[in-house]
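Asks: let's see this in three dimensions:
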Amino acid sequence: MDSIGVLGLGRMGLPVALRFVAAGYPVCVFDPDTNRVRLAESHGAVAVAGEYEVASRSDILVTVLPGPPELRRAMLGPGQAVTGLEAGACWIDLTSNDPRVATEVAAAVTAVGALSLGAPMAGGPADAAAGTLRFYIGGSEDALARAAPVLEALGDPSNRVDTGGDIASGYVTKLMANTLWFGQVTAVTEVLLLGQALGLDLETLRSALETSAGGSHFMTHHLDALLRGDYMESFGIDRIVEELDTVTDLAAATETPAGVTGMVATLHREASDRFGPVDGELLVAKLLEQRAGRLLRAKLPRPITGGGTSAPQSESGEPES
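Replies: Below you'll find the model as predicted:
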């Protein structure tokens, strides 16, 4: 059985590592947070001293990091995880990554004779713990064949989205999904605030819109959170800005119109400036409420069905890493 190394034991990384332990894999881990490392050890993982050590002891290296800067630093920075990989090993990245950073790291991985697979996650910590994550897969057939048994410990193969042979494609697809979700949060909040200002009952308006041509996954599965005053602390507003900035950068580089995305990015940046780099996928809605001078609240019978994105717990939670 392949040995697995996990770099990153955050909200997503720790339950991912524990799933591998439960599946019977030999697992070694590293994270700067010693408390998270001790938790992993208490469940049977082996702690090692750094990024290089994790890679050098692993047939499969899995990275579950907060974002592109952390991923580049772990793989190519002082810890030089990439140099610890042996020929024939496989690197699987579950991070919500910038496709350009992933491509850069993959080139270094190829240079040492190892395989690379991009598999950004959709789902939250509960999905990771339950093995019900969804993945956007990008990479070669050889890399997917090598990684498939490991990914099955985290999610059903039928729930994977194979986006093509290029490692960047999975990250791009997830970024597109998250961009639509962030845009829906913004647009739905503005529409409801306007309806409220014009005297419409929020519960009645929400029900009408949800089944209309303008309905969305956000309305059906996550709007209840906002209407109960829950801004979904499942993904950082600073990370949302980071993702939206990546999308607008990619649009500019390809000379693709992205005016709506740019406005959504600006509003999220203003929310981040207002509230700080804290968790809250719906903080843009809170910003809009404050600007309108009123809250969107309603007593709804249905339970909240998830966090928004790092993701099915949330679309981005789709974004969490």
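Asks: give the buried residues for stretch 183-195.
Replies: 183-186, 188-189, 192-193, 195 (16 or more other Cβ atoms under 10 Å). To be clear about C-beta, it is placed using only N, CA and C from the backbone, and glycine gets the same treatment.
Asks: put together a markdown table for these, with pLDDT, secondary structure and distance to A22 on each row.
Replies: Output for the buried residues of stretch 183-195, formatted as a markdown table (pLDDT from 0 to 100; DSSP: H, G, I helix; E, B strand; the rest coil; distance: Cβ to Cβ, whole Å):
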| residue | pLDDT | secondary structure | distance to A22 |
| --- | --- | --- | --- |
| G183 | 98 | helix | 37 |
| Q184 | 97 | helix | 35 |
| V185 | 98 | helix | 34 |
| T186 | 98 | helix | 39 |
| V188 | 98 | helix | 38 |
| T189 | 98 | helix | 40 |
| L192 | 98 | helix | 42 |
| L193 | 98 | helix | 45 |
| G195 | 97 | helix | 47 |
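Asks: reformat those residues as CSV; add distance to L267.
Replies: Formatted as CSV, the buried residues of stretch 183-195 follow (distance: Cβ to Cβ, whole Å):
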residue, distance to L267
G183, 10
Q184, 13
V185, 10
T186, 6
V188, 13
T189, 10
L192, 15
L193, 13
G195, 19
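Asks: how far away is the residue of the chain most remote from its centre from W91?
Replies: Ranked by distance from the centre of the chain (Cα atoms, centre = their mean), the top residue is G199, with 37.5 Å. As judged by Cβ to Cβ, to the nearest Å, G199 and W91 stand 56 Å apart.
Asks: now the residue farthest from the centre of the chain: how far from E190?
Replies: G199 sits 17 Å away from E190 when distances are taken as Cβ to Cβ.
Asks: cool, and W181?
Replies: In terms of Cβ to Cβ, W181 sits 15 Å off from E190.
Asks: about what we covered before: the residue farthest from the centre of the chain - that's part of a helix, no?
Replies: No - judged by DSSP: H, G, I helix; E, B strand; the rest coil, G199 forms no part of a helix; its state is coil.
Asks: for L65, phi and psi?
Replies: Dihedral angles of L65 (phi, psi; degrees, to the nearest 10) stand at phi -120, psi 160.
Asks: go on, T132?
Replies: Main-chain dihedrals, T132, degrees, to the nearest 10: phi -120, psi 30.
Asks: for the nearest residue to it once chain neighbours are set aside, give me the pLDDT.
Replies: Leaving aside its chain neighbours, T132 sits nearest to G155 (6.0 Å; criterion: Cβ to Cβ, 6 or more residues apart in numbering). According to the prediction, G155 has pLDDT 96.
Asks: quick one: which helix or strand includes G155?
Replies: Using DSSP states H and E, G155 is not contained in any helix or strand.
Asks: and what of T246?
Replies: helix 237-253.
Asks: then A147?
Replies: Assigned by DSSP H and E, A147 belongs to helix 141-152.
Asks: if we can go back for a sec, quick one: buried residues of the following helix or strand past the helix holding T246?
Replies: For helix 237-253, the succeeding helix or strand toward the C-terminus, using DSSP H and E, is helix 259-275. Neighbour-count burial for helix 259-275 flags 261-262, 264-265, 267-272, 275 (criterion: 16+ other Cβ under 10 Å).
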